[in-house]
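Colleague: Sequence and predicted structure, then a few things I'm wondering about:
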Amino acid sequence: MYTPSARSFPQSLNPGDPVRDAVLQAAFARLEDAFDDRVRVEVERLDRIGPWVFLQGTMRGTEIGRPYYAGTGWEARRADGVMSDVYVALLKKVDERAVDNDARSWRLADHAIGPTDVAWLTWPDEHEAPRALFGF
């Protein structure tokens, strides 16, 4: 079970923060595997509580507009209207002694590419992560 740290409210990881860069590198690895360099994410939320980080963003194409899914496993889902442009990820620090600003210090605990519902609703219970991190 998650044991609350001294800080029990989310702390935003803002641009320029080296921890933010490391976390984003770890969070985006799955997207790069799925889409190569055709998708980028506009980060809307990147919050941390203790060893946990929650990312919520909107996927965009490398050019202006929506991502280009042709030739990927998501092409049919998009055509069927069962895919959003949302990307969410839950990351956990691998070891408390590890350096925060190294992407290898973070592992992807869960993620959802293009969910059409609140896929992260069950993550606090499934991963024993603090509910406050998700805003509920």
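Modeller: Yes, it's here. Numbering: from 1, shown residues only.
Colleague: C-terminal to the helix or strand bottoming out on mean pLDDT in the chain, what's the next element?
Modeller: Of all the helices and strands that make up the chain, helix 75-79 has the lowest average by mean pLDDT, DSSP states H and E, namely a mean of 90. Towards the C-terminus, the helix or strand next in line after helix 75-79, according to DSSP states H and E, is strand 86-93.
Colleague: what does the longest helix seen in the chain rub up against?
Modeller: The helix of greatest length in the chain, counted in residues with DSSP state H as the criterion, is given as helix 18-35. Taking CB atoms under 8 Å, 6 or more residues apart in numbering as the criterion, the residues outside helix 18-35 that touch it are 13-14, 39, 41, 43, 46, 48, 53, 55, 59, 67, 69, 72-74, 87, 89, 91, 100-108, 111, 113. Glycine gets a C-beta too; all of them are placed from N, C-alpha and C.
Colleague: quick check: angle from it to strand 86-93?
Modeller: 130 degrees (axes from the mean of the first three to the mean of the last three CA atoms, to 10 degrees).
Colleague: in helix 18-35, what counts as buried?
Modeller: Along helix 18-35, these residues count as buried under the neighbour rule (16 or more other CB atoms under 10 Å): 19-20, 22-24, 26-28, 31, 35.
Colleague: Which member of the residues you listed is positioned nearest Val118?
Modeller: Proximity to Val118 was ranked across the buried residues of helix 18-35 by CB to CB; first place goes to Ala27, at 18.3 Å.
Colleague: How much space separates the closest one from Asn14?
Modeller: Here the criterion is CB to CB, to the nearest Å. By it, Ala27 lies 16 Å from Asn14.
Colleague: Leaving out the residues flanking it, which one is nearest to Arg48?
Modeller: Leaving out its chain neighbours, the residue that sits closest to Arg48 by CB to CB, 6 or more residues apart in numbering is Gln11, at 5.2 Å.
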